[in-house]
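Provided below are the primary sequence and the corresponding predicted coordinates.
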Amino acid sequence: MADPKHIDQITERVERLLLRHEELQRTNSLLVEQVQALQAERDSLKSRLLAARARIDALLDRLPPGVAELAAKDPRKERS
């Protein structure tokens, strides 16, 4: 038969592993929630960006032709 001391050590190790498993499950659940929140925030920001671009495009369309072309240029390219 197995040594009782050895069985106690195995039992203790299994209990510690079960506790660690529960901790990791809780941590994983929290991380999943964070990922979902960040994905929702990203989607919201993308939507706001698209709306802002649409508003800018609408404003550019209202400018006279010569001014619209100047406004559409990327000023960073001219500085280089």
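Cool, got the structure. Note that this is a predicted model, so its numbers are computed, not measured.

Report the central residue of this structure.
Centroid-nearest residue in the chain: Leu38, 3.8 Å away (criterion: Cα atoms, centre = their mean).

which secondary structure element contains that one?
Using DSSP states H and E, Leu38 sits within helix 4-62.

Counting by contacts, list what that helix packs against.
On a contact count with 3 or more Cβ pairs under 8 Å, 6 or more residues apart in numbering; DSSP states H and E, helix 4-62 meets helix 65-72. (Glycine included, C-beta is placed from N, CA and C.)

What's the mean pLDDT across the helix it packs on?
Confidence for helix 65-72, expressed as mean pLDDT, is 71.

25 is where my numbering starts, stick with that
Fine by me, first position is 25 from now on; the one you just mentioned is helix 89-96.

for the chain, what are the low-confidence residue spans?
For the chain, applying pLDDT under 70 flags the ranges 25, 92, 95-96, 98-104.
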